[in-house]
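Engineer: return a 3D structure for these sequence lines:
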Amino acid sequence: MGNINRDPFTTRPEIEGTFGVVTSTHWIATAVGMGMLEKGGNAFDAGVATAFTLQVVEPHLNGPGGDVPIIVHDVRRGQTEVICGQGPAPAGATIAHYRSEGLEMVPGTGLLAACVPGTFESWMLLLRDYGTLRLREVLEPAIAYARDGYPLVERASATIATVEQLFRKHWPTSAAVYLPNNEVPRPGTLFSNKKLSETYARILQEAESAGADRVAQIERARKMWSHGFVAEAIDAFCRNQEIMDVSGAPHRGALRADDMARWQPTVEAPLTYDYGRYTVCKPGVWSQGPVMLQQLALLKRFELDGLDPTGPEFIHLQIECAKLAFADREKFYGDPKFTEIPIETLLSDQYNDERRQLISDKASLDFLPGSVEGFGSVIKLRRQEGSREAVGAMGAGEPTVGRFGEVRGDTVHFDIIDQAGNMISATPSGGWLQSSPVIPDIGFCLGSRAQMFWLEEGHPAALAPGKRPRTTLSPTMALRDGEPYMAWGSPGGDQQDQWTTQFFLRHVHANMNLQEAIDAPAWHSEHFPISFWPRTARPGVMVVENRIPKVTLENLQSRGHIVETGPDWSEGRLTAASKLGRRRRAAANPRGMQGYAAGR
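Structural biologist: So this is what the prediction gives:
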């Protein structure tokens, strides 16, 4: 009779249905999001509830003090939009101030690395303008898990262990929360953060004091966050506390309540690029998102159909295009409110036809940003010396996949599509437990996104008050034949737009379904400067999963790539969702940090 199921092996099935799908980096958050759809909410309601739950159950990966870019497709409006939840640098964050502190770069931890927290205001905007449910309905699950506890995943426990001595010696307010009973909580411990629960419960109580009107409640909640007790607690902590950071010296923060009161998230059109029958949508050049579009602009002249996605030609071409695109990221990207960015040129056929000539059958070991007259800055490449693992002990940067594939923590992501066809893709991050000390009055810490600024005048990403740092956070959405089709993304800092590009190419050129494209062996380049402290590069180095065929690795090495192999399942934490007609599909990552639930 033969094999009834002839589909290739995947670690889990691609979920399919007609009601709606939710996929995230944690099974509890996925279940909460699905619960919102089941009670009649739309994809945007589900997104808000999922996001607040992720703050609680993955505190080593994101938190209320962080930031978020969001891509939405609203069926009612008939358009795809980006919500920029990337908070800017405080008014007191000047290059002169940081230089006066004896710093050559923004520290990767502590209070000087804090921008205006962008998550809460962004979720309130989404709920108010796109959602349908009340604040209580989307916030109660997070409050309950923070109050009553949730099973702590292994990687959260390991992250706490990594920064245990930092907490004990320098950050006692974090020790009070994350070292219950004066010890590192074991995996599976029912872990709670009662102060965070109380903070959100107080916001909810204050919101409902505004009366029965849904929008009035949301506006009241926003006021309590940016103009009320939350902003006041952040201001007092930054003014009065000298906090040890990765620079080896204590510093006070620059963030103030006035900075929070002045800022609101914005809604803008996505940057797009047409790749065959697909239109790929990304956040703007205040993020690294366009680097994926630049890769596609370089790749589109190569014949990728029929290439083995684990073969040397496929991997070589993707890596070499990534090197060129990320070099441009370093030279040109920044906040377009402060600096004109030549993105139309960077995505043009003429520019990429010229850049493509730099790609041969050999690996480039040079750092080669492009040239657009009148734009960009000279980049001084700093090669890595010593171990990035040592930096992790101080909680610096956005720890992602290490040089040997070990996963230490990073960010979260989710994708949701409802029955009506509304879609959302979001990558919340920052404010993770290792970024800065817990502010005791509110139960959470601030983010460290300001470390992505350069302390060099004239650079497009130079630090300036009110300026957005060029974030690595990078959700993705795509139309197919003009119709909204797919949402996907991954945590992973600089690796995000390498892994999301690989996923897309496997789906488009190798006809893999969502789960197959996620499960396939992956890789990343470390050729360009990392976006996080200490901003070093490892020219020519690429890190691959050990599942890549040996013959491929030998071929890549013969081309001049410096190949390092990591564990079998160590590259990428993708989730993805798609819609075609009435069908809704979703898939989720099986890799390492915890047992992920498949999208529902």
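Engineer: show me the contacts for Pro308.
Structural biologist: If you look again at residue 308, you'll see it is Asp, not Pro. Going by C-beta atoms under 8 Å, 6 or more residues apart in numbering, Asp308 touches Phe314. C-beta coordinates here come from the backbone N, C-alpha and C atoms, glycine included.
Engineer: that one in helix, strand or coil?
Structural biologist: The assignment at Asp308 comes out as coil when based on DSSP: H, G, I helix; E, B strand; the rest coil.
Engineer: distance of it from His509?
Structural biologist: Counting by C-beta to C-beta, to the nearest Å, the separation of Asp308 from His509 is 10 Å.
Engineer: also Ile518?
Structural biologist: 16 Å.
Engineer: again with Leu556
Structural biologist: 19 Å.
Engineer: and the two? which has more neighbours close in?
Structural biologist: Higher neighbour count among Leu556 and His509: Leu556, with 23 against 18, using other C-beta atoms under 10 Å.
Engineer: what's the end-to-end length of stretch 468-481?
Structural biologist: End-to-end span of stretch 468-481 (C-alpha to C-alpha, to the nearest Å): 34 Å.
Engineer: how far does it sit from its chain's centre?
Structural biologist: Its chain's C-alpha centre and that of stretch 468-481 lie 10 Å apart, by C-alpha atoms, centre = their mean, to the nearest Å.
Engineer: cool, stretch 528-540 as well?
Structural biologist: 18 Å.
Engineer: end to end, how far does it reach?
Structural biologist: End-to-end distance (C-alpha to C-alpha), stretch 528-540: 9 Å.
Engineer: which parts of it are buried?
Structural biologist: For stretch 528-540, a neighbour-count test (16 or more other C-beta atoms under 10 Å) marks 528-540 as buried.
Engineer: same question for the helix or strand hosting Asp274, mean pLDDT?
Structural biologist: In this structure, Asp274 sits in strand 271-275 according to DSSP states H and E. For strand 271-275, the mean per-residue pLDDT is 98.
Engineer: over to stretch 435-443?
Structural biologist: So the average pLDDT for stretch 435-443 ends up being 97.
Engineer: ok, stretch 146-163 next?
Structural biologist: 94.
Engineer: what residue is smack in the middle of the protein?
Structural biologist: Leu473 (3.6 Å; C-alpha atoms, centre = their mean).
Engineer: gap between it and Glu183?
Structural biologist: On the measure of C-beta to C-beta, Leu473 and Glu183 end up 33 Å apart.
Engineer: give the buried residues for the helix or strand harbouring Pro141.
Structural biologist: Using DSSP H and E, Pro141 sits in helix 135-148. Neighbour counts over helix 135-148 (16+ other C-beta under 10 Å) mark Leu135, Glu137, Val138, Leu139, Glu140, Pro141, Ala142, Ile143, Ala144, Tyr145, Ala146, Arg147 as buried.
Engineer: repeat for stretch 108-126
Structural biologist: Neighbour-count burial for stretch 108-126, counted by 16+ other C-beta under 10 Å, picks out 108-126.
Engineer: likewise for stretch 579-591?
Structural biologist: Lys579, Arg584, Arg585, Ala586, Ala587, Ala588, Asn589, Pro590, Arg591.
Engineer: now, which of these sits nearest Pro469?
Structural biologist: The shortest gap between Pro469 and any of the buried residues of stretch 579-591 belongs to Asn589, at 26.5 Å (C-beta to C-beta).
Engineer: verify the stated contact: that closest one with Arg573.
Structural biologist: Yes. If you go by C-beta atoms under 8 Å, Asn589 and Arg573 touch, sitting 4.7 Å apart.
Engineer: what ranges of this protein fall below the confidence cut-off?
Structural biologist: Across the chain, the ranges flagged by pLDDT under 70 are 1-7, 381-382, 384-410, 592-600.
Engineer: select the longest helix from it.
Structural biologist: Longest helix in the chain, counting residues (DSSP state H): helix 312-332.
Engineer: so which elements touch that helix?
Structural biologist: On a contact count with 3 or more C-beta pairs under 8 Å, 6 or more residues apart in numbering; DSSP states H and E, helix 312-332 meets helix 290-299, helix 343-346, helix 496-509, strand 523-525, helix 550-558.
Engineer: how far off helix 312-332 does the last one point, in degrees?
Structural biologist: Taking axes from the mean of the first three to the mean of the last three C-alpha atoms, to 10 degrees, helix 550-558 and helix 312-332 form an angle of 50 degrees between their directions.
Engineer: can you give me the buried ones in helix 550-558?
Structural biologist: So, applying 16+ other C-beta under 10 Å, buried residues of helix 550-558: Thr552, Leu553, Asn555, Leu556.
Engineer: where's that helix relative to the chain centroid, distance-wise?
Structural biologist: In terms of C-alpha atoms, centre = their mean, the centre of helix 550-558 is found 31 Å from the chain centre.
Engineer: so after it, what's the next helix or strand?
Structural biologist: Next element after helix 550-558 (DSSP H and E): strand 562-566.
Engineer: check the buried residues of stretch 528-540 and tell me the two furthest apart.
Structural biologist: Among those, the pair separated by the greatest distance (C-beta to C-beta) is Trp533 and Gly540, which sit 22.4 Å apart.
Engineer: secondary structure element for Pro88?
Structural biologist: With DSSP H and E as criterion, Pro88 is part of no helix or strand.
Engineer: now do it against Pro549, distance only.
Structural biologist: The gap separating Pro88 from Pro549 is 46 Å, by C-beta to C-beta.
Engineer: Phe504 now?
Structural biologist: Phe504 is 22 Å from Pro549, by C-beta to C-beta.
Engineer: what about the two, which has more around it?
Structural biologist: Phe504 (22 against 13).
Engineer: check contacts around that one.
Structural biologist: So Phe504 contacts Tyr278, Val280, Met292, Leu296, Thr476, Ala478, Trp488, Ala517 (C-beta under 8 Å, 6+ apart).
Engineer: quick one: contacts for the fourth one?
Structural biologist: The contact partners of Leu296, by C-beta under 8 Å, 6+ apart, come to Tyr273, Tyr275, Val280, Thr501, Phe504.
Engineer: repeat that for 7 Å
Structural biologist: Going by C-beta atoms under 7 Å, 6 or more residues apart in numbering, Leu296 touches Tyr273, Tyr275, Val280.
Engineer: could you give the bridge partners of the first one?
Structural biologist: Note on Tyr273: beta-bridge partners Val280, judged by DSSP bridges.
Engineer: neighbours around it, how many?
Structural biologist: Neighbours of Tyr273 (other C-beta under 10 Å): 19.
Engineer: surely it touches Leu346?
Structural biologist: No. In this structure Tyr273 lies outside contact range of Leu346 using C-beta atoms under 7 Å: 10.4 Å.
Engineer: quick one, phi psi at Pro69?
Structural biologist: phi -100, psi 140 (degrees, to the nearest 10).
Engineer: quickly note the distance from the spatially closest residue to it that is not a sequence neighbour to Phe326.
Structural biologist: Take Pro69 and drop its neighbours on the chain: the residue closest to it by C-beta to C-beta, 6 or more residues apart in numbering is Pro283, 4.4 Å away. The gap separating Pro283 from Phe326 is 16 Å, by C-beta to C-beta.
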